[in-house]
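**Student:** let's see this in three dimensions:
(one chain, ligands or ions: 3)
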Amino acid sequence: MSFYVPHASEEFEQTNTYIDEKKGVFDWDDGYCRFCGKDFQSESSFCSKKCEEKYKDTLKTPCDVCGKKIDLFKEVRHHISYFPERVSFVHASCHNKIHKTNLFPHLKPNKDEIDKFCKK
Ligand SMILES: [Zn+2]
Ligand SMILES: [Zn+2]
Ligand SMILES: [Zn+2]
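**Tutor:** Ligands and ions are numbered 1, 2, ... in the order given. Model prediction:
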């Protein structure tokens, strides 16, 4: 009689990998709030909805026109200068204001530069 199992070591390795993956996930959401660091003893990333909102807010880019945060992936790339390239992130509505009014002369690209850029 033999208790030799040919695939035993292989199975053991797979189990180890599985545990490591679990641990990795657990480390990420370890019951400490990602924003304020509070230990709230629950398998989540934030202690409250408020902290989640605030954390997401820190990932957003402020608008160079109005200073308010722009929703993620809603940023409009506006060229302040083409040579050298300087890009500013603004709201779509604020972008219109830059181009259609003279309220933000410091954000307008230099007219000579636009001419040069367009003639290229
Ligand atoms: Zn918190
Ligand atoms: Zn804005
Ligand atoms: Zn623009």
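**Student:** separation between Lys60 and Arg34?
**Tutor:** For Lys60, the distance to Arg34 (CB to CB, to the nearest Å) stands at 16 Å. The way it works is simple: take the backbone N, C-alpha and C, and place the C-beta from them, glycine included.
**Student:** what does Glu43 give?
**Tutor:** Distance check for Glu43 against Arg34: by CB to CB, it reads 13 Å.
**Student:** ok, now Ser44?
**Tutor:** Separation of Ser44 from Arg34 (CB to CB) stands at 9 Å.
**Student:** who are the neighbours in contact with the closest residue to Cys66 other than its chain neighbours?
**Tutor:** Of all residues not flanking Cys66 in the chain, Cys94 sits nearest, at 5.6 Å (CB to CB, 6 or more residues apart in numbering). Cys94 sits next to Cys63, Asp64, Val65, Cys66, Val76 when contact means CB atoms under 8 Å, 6 or more residues apart in numbering.
**Student:** and stretch 31-43, how far apart are its ends?
**Tutor:** End-to-end distance of stretch 31-43: 5 Å, with CA to CA, to the nearest Å as the criterion.
**Student:** now look at it and say if it contacts ligand 1.
**Tutor:** Yes - using CB under 5 Å from the ion as the criterion, contacts between stretch 31-43 and ligand 1 involve Cys33, Phe35, Cys36, Lys38.
**Student:** is it true that Ile70 touches Thr61?
**Tutor:** Yes - using CB atoms under 8 Å, Ile70 makes contact with Thr61 at a distance of 5.4 Å.
**Student:** shared neighbours of the two, which are they?
**Tutor:** By CB under 8 Å, 6+ apart, the residues touching both Ile70 and Thr61 are Phe89.
**Student:** for Lys68, grab the count of nearby residues.
**Tutor:** 10 (other CB atoms under 10 Å).
**Student:** in the sheet, who's paired with the nearest residue to it once chain neighbours are set aside?
**Tutor:** Excluding the flanking residues, the one nearest Lys68 by CB to CB, 6+ apart is Pro62, at 6.9 Å. For Pro62, the beta-bridge partners under DSSP bridges are Lys69.
**Student:** thank you, goodbye.
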